[in-house]
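In: sequence isn't available, so here's the structure alone:
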């Protein structure tokens with residue numbers, strides 16, 4: 001990367017091999033800073049370019065999702081009430097169907 005000869009540089013997905021966020025500084029005079037996702041949340045500027053590099057920038061990108069620890073569903077209280085009512089009705093039907101012994 002050499003701003004003196006007008007090179008453009010590319011930064012990868014924003015995470016290094018130890019899953020820590022990468023940080024970079026665009027040197028004064030660099031042509032443009034390109035991002036892999038130009039539609040990123042909070043991105044203000046023309047697609048493919050962040051600015052004309054009239055200073056230095058520090059950008060941090062992250063995803064707050066943990067696919068290894070999925071969130072389990074918690075039943076609503078109404079679900080428990082319906083389950084208990086259904087079990088009660090099954091018990092009532094079973095009690096009424098018992099054969100009478102003579």
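Out: Looks like it came in fine. All of these numbers come straight from a predicted model, not from anything done at the bench.
In: every contact and neighbour count from this point should use C-alpha atoms.
Out: Will do.
In: where does this protein have low pLDDT?
Out: Scanning the chain for pLDDT under 70 picks out 1-70, 98, 100, 102.
In: redo that, cut-off 80
Out: 1-73, 97-102 (pLDDT under 80).
In: residue 71 belongs to a strand?
Out: No - read with DSSP: H, G, I helix; E, B strand; the rest coil, residue 71 is coil and lies in no strand.
In: which helix or strand contains residue 80?
Out: Secondary structure from DSSP states H and E places residue 80 in helix 77-96.
In: buried sites along that helix?
Out: Residues of helix 77-96 include none that count as buried (16 or more other Cα atoms under 10 Å).
In: what's in contact with that helix?
Out: Counting contacts by Cα atoms under 8 Å, 6 or more residues apart in numbering, no residue outside helix 77-96 touches it.
In: and with 10 Å instead?
Out: The contact list for helix 77-96 (Cα atoms under 10 Å, 6 or more residues apart in numbering) reads residue 97.
In: so who does residue 71 touch?
Out: Residue 71 touches nothing, counting by Cα under 10 Å, 6+ apart.
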